[in-house]
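> A predicted structure for the sequence below; I have some questions about it.
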Amino acid sequence: MTSKFPKILVAALILCISGLAFGQSESLFPRPAALERDVNFWVAIFSKYSTNEGVLHDNRNMAIVYETVPLPKNASRRTRQRTSGNRRKHYQAILRTLADGKRDNLSAEEQRVLDLWPDDVTNKELAAAQGRIRFQLGLSDRFREGLQRAGRWRDHVNAEFTRLGVPTAIAALPHVESSYNPDARSHVGASGIWQFTRSTGRRFMQVDHVLDERNDPFLATTAAGKLLAYNYSITGNWPMAITAYNHGLSGARRAMRRHGDTAYVDILRNYNGRTFGFASRNFYVAFLAAMQIDQDPQKYFPGVVPEKPTDYSNFQLTSFVAADELASALKVSERDIARHNPALQATVWQGSKYLPKNYAVRLPTNMLGAPLPDLIAGMPEDALYAKQLPDLFHTVARGDTLSEIADTYETRVSTLVALNALGSRHRIRIGQQIRLPAAGPAPIAVASAPVATATEPPPPPPPPVEVIADAPAIAVIEMPEEESPGALADQVSDFIGGLQAALLSDPSDYSVGDDLTIEVHPLETLGHYADWLGLKTQRLRDINGLAFRAPVVVGQRIKLDFGIVNTESFENLRANFHRQQQDTFFRNHTITGVTEHVVRRGESIWILSLRKYDVPVWLFRQYNPELDLDSVQPGTRLNFPILVRNSSD
């Protein structure tokens, strides 16, 4: 009896812990009855239908599934579109007949379609349903593969999320984002298991032509935990923090202001934000479905076995090191180093860049003949370099623009155009080698001057938005029908365009109000507004009753004149301005944490931000978006991001 007691006790403890985890999921991630049909739809997509089939369904009422569409094995997107398109026309014709009021002498197929709808369905609803037929590819085989792959990193994800105060249940999110595929790449340039865009990734990681930490599941997991914790600090609840991971903080805040902080069902059903498309509406419910499967994988995928985590040795380099010389010293291949250090970019393996100083090399312990620190310590002094190799060429990556490349290497766009005989400054292609004028120092950060007010004179016109072949357009476009918040990188998010993708972690509201006013943000001046509107600055002074030298103040609302440009064009130019400022800053800085400051008598926010914490005012505002600058008193709690400077050189 005594020998069995410990086993019984252990089993009871496991059941207890599992129950607590489930209860935590229930309380932190509410699942209202109104969302059941949506969650069940995604459970079926993730666990029942494979990538050799899909379903035609109503994109608003997820309980309406017209049919399962078989596909040829490994069908291309064009084949899927053609096959599903033909069946879509079939159901549109049936719905058209039913919408005309026909209820008698229905064919068996017409009756079957009608029976999918409630008895009291109206002709108007059936007519509207013709335009809502959507094809969703099955993903069960990808989800199963993701459950297997996740074992490599799951312990690390749970440990990091616990350390950062993020619920470990959110470890199911990469099943939605990437199927836990570290090689996943999306059409908006998102990368890795957590699908960070370049701009969002740069906030929390180093992303440049030497290191792209988005591709390292260990480093990206820490960054994802920080981003999710940040989202939660702004939204106050996990459903909207997760929605913001896909849709962006600014859009999530607008939805909450319109429908209420915790009105998840109302937001998902009724919020009609310009970029709140199918993927944004379904991201949280798809997460709930993934979490349901993740918590009981054997129920949905009997026999699935997670891969075991690798036992790694790590060592932080104290010098710059060439890849071939490091491989020789460790008695491993460069391919082995690359496989286990996916953050290192092609420039390192091509020999045009060294592994950077302070980079933590990671290799399986059983691959090494001696402790990793000892092997590296045994390298000859002439294989340890004090400086990085200078840049001679830049290989264009997805999402690059010529202006960003010029900023990175401290040169001018016109210089790059001349050196490379480019026909247009607006078109460069992925993989293209851009010749650089000379080696330059590390990029210079955006100036962090106090910007409590905005002053004259007007700035020069902002540079036009540059695009490269195959890059998303600025215009907001609804996601193609085959794409979804599913386990393919290209099926994750709305085709929201480069600007919104670049500002996903910016909670600032750059939109124009219904009364044609905007809130003034740091770095902005009347000159900016006039330029984006195609007006003279005096026109804005006149309609706002501002004297010639009167500044505009951060937080103030300014009335605008849209007689020349429309609100969408203005919002795009405004967002692009802030994207460029933020991109430049985060090429040189990474957010490593957050610290809280309790205001004391006599303290100034501007002095605290710029001198004590060395944080630009625009970034301080992003971490305190609800703060009324005029009502700060002793005892007010402020959040300041902790910044470190990047360097691969």
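Received the coordinates, thanks.

> Find the residue closest to the most centrally placed residue in the chain in space, skipping its chain neighbours.
With distances taken as C-alpha atoms, centre = their mean, the residue of the chain nearest its centroid is Phe196 (4.4 Å). Excluding its sequence neighbours, the residue lying closest to Phe196 (C-beta to C-beta, 6 or more residues apart in numbering) is Arg214, at 4.5 Å. In this view, the C-beta of every residue, glycine as well, is placed from N, C-alpha and C.

> do the same with Asn366
Asp311 (7.0 Å).

> That neighbour and Arg362 touch, don't they?
No. Checked against C-beta atoms under 8 Å, the pair Asp311 and Arg362 is beyond contact range at 11.0 Å.

> Settle it for me: which of the two has more neighbours?
Higher neighbour count among Asp311 and Arg362: Arg362, with 19 against 8, using other C-beta atoms under 10 Å.

> check contacts around the more buried one.
Counting by C-beta atoms under 8 Å, 6 or more residues apart in numbering, Arg362 makes contact with 218, 312-314, 340-341.

> what do you get if the cut-off is 10 Å, keeping everything else the same?
Taking C-beta atoms under 10 Å, 6 or more residues apart in numbering, we find Arg362 in contact with 216, 218-219, 310, 312-315, 337, 340-343, 372.

> next one: Tyr284
With C-beta under 10 Å, 6+ apart, Tyr284 has these contacts: 29-31, 35, 38-39, 176, 238-243, 245-247, 264, 267-268, 485.

> buried stuff in the strand or helix carrying it?
Here Tyr284, judged by DSSP states H and E, is contained in helix 278-295. Along helix 278-295, these residues count as buried under the neighbour rule (16 or more other C-beta atoms under 10 Å): 278-294.

> Just the mean pLDDT for it, thanks.
Mean pLDDT, helix 278-295: 97.

> Convert the C-alpha atoms of that helix to PDB, please.
Taking C-alpha atoms only, helix 278-295 is exported to PDB below (Å, rounded to 0.1, in the frame of the first residue of the first chain):
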ATOM      1  CA  PHE A 278     -11.600  38.300 -41.800                       C
ATOM      2  CA  ALA A 279      -8.300  37.500 -40.200                       C
ATOM      3  CA  SER A 280      -8.500  40.100 -37.500                       C
ATOM      4  CA  ARG A 281     -12.100  39.000 -36.700                       C
ATOM      5  CA  ASN A 282     -11.000  35.400 -36.400                       C
ATOM      6  CA  PHE A 283      -7.600  35.700 -34.800                       C
ATOM      7  CA  TYR A 284      -8.800  35.300 -31.200                       C
ATOM      8  CA  VAL A 285     -11.300  32.500 -31.900                       C
ATOM      9  CA  ALA A 286      -8.600  30.700 -34.000                       C
ATOM     10  CA  PHE A 287      -6.300  31.000 -31.000                       C
ATOM     11  CA  LEU A 288      -9.000  29.500 -28.700                       C
ATOM     12  CA  ALA A 289      -9.300  26.600 -31.200                       C
ATOM     13  CA  ALA A 290      -5.600  26.100 -31.200                       C
ATOM     14  CA  MET A 291      -5.400  26.200 -27.400                       C
ATOM     15  CA  GLN A 292      -8.200  23.600 -27.200                       C
ATOM     16  CA  ILE A 293      -6.300  21.200 -29.400                       C
ATOM     17  CA  ASP A 294      -3.000  22.000 -27.800                       C
ATOM     18  CA  GLN A 295      -4.300  21.200 -24.300                       C
END
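
> The closest residue in space to Arg253 that isn't next to it in sequence: neighbour count?
Counting by C-beta to C-beta, 6+ apart, Arg253 lies nearest to Pro507, which is 5.6 Å off, once chain neighbours are set aside. Under the neighbour criterion other C-beta under 10 Å, Pro507 is assigned a count of 24.

> how would you label Pro507: helix, strand or coil?
Under DSSP: H, G, I helix; E, B strand; the rest coil, Pro507 falls in the coil class.

> Could you tell me which residues make contact with it?
230-231, 233-235, 244, 248-254, 621-626.

> from the contacts of Arg362, which single one is nearest Gly431?
Pro342 (19.1 Å; C-beta to C-beta).

> how near is the residue nearest to the closest one when sequence neighbours are not counted to Leu363?
For Pro342, ignoring the flanking residues on the chain, the nearest one in space by C-beta to C-beta, 6+ apart is Asn215 at 4.3 Å. Asn215 sits 17 Å away from Leu363, going by C-beta to C-beta, to the nearest Å.

> Tell me which of the two has more neighbours.
Ranked by neighbour count (other C-beta under 10 Å), Asn215 and Leu363 place Asn215 first, with 24 against 21.

> Touching, that one and Ser178? I think so.
No. Counting by C-beta atoms under 10 Å, Asn215 sits too far from Ser178 to count as a contact (11.2 Å).

> which residues do those two both contact?
184-185, 191-193.

> Measure how buried the nearest residue to Trp194 once chain neighbours are set aside is and give me the count.
Residue nearest to Trp194 in three dimensions, not counting chain neighbours: Ala224, with 4.2 Å by C-beta to C-beta, 6+ apart. Residues within reach of Ala224, counting by other C-beta under 10 Å, total 31.

> His156 now?
His156 has 16 nearby residues by other C-beta under 10 Å.

> Tell me the helix or strand right after the helix or strand where it lies.
Using DSSP H and E, His156 sits within helix 154-164. On the C-terminal side of helix 154-164, the nearest following helix or strand under DSSP H and E is helix 173-177.

> Just give me how far the next helix or strand after that next one sits from the chain centre.
Next helix or strand after helix 173-177 toward the C-terminus (DSSP H and E): helix 198-204. Distance, stretch centre to chain centre, for helix 198-204: 9 Å (C-alpha atoms, centre = their mean, to the nearest Å).
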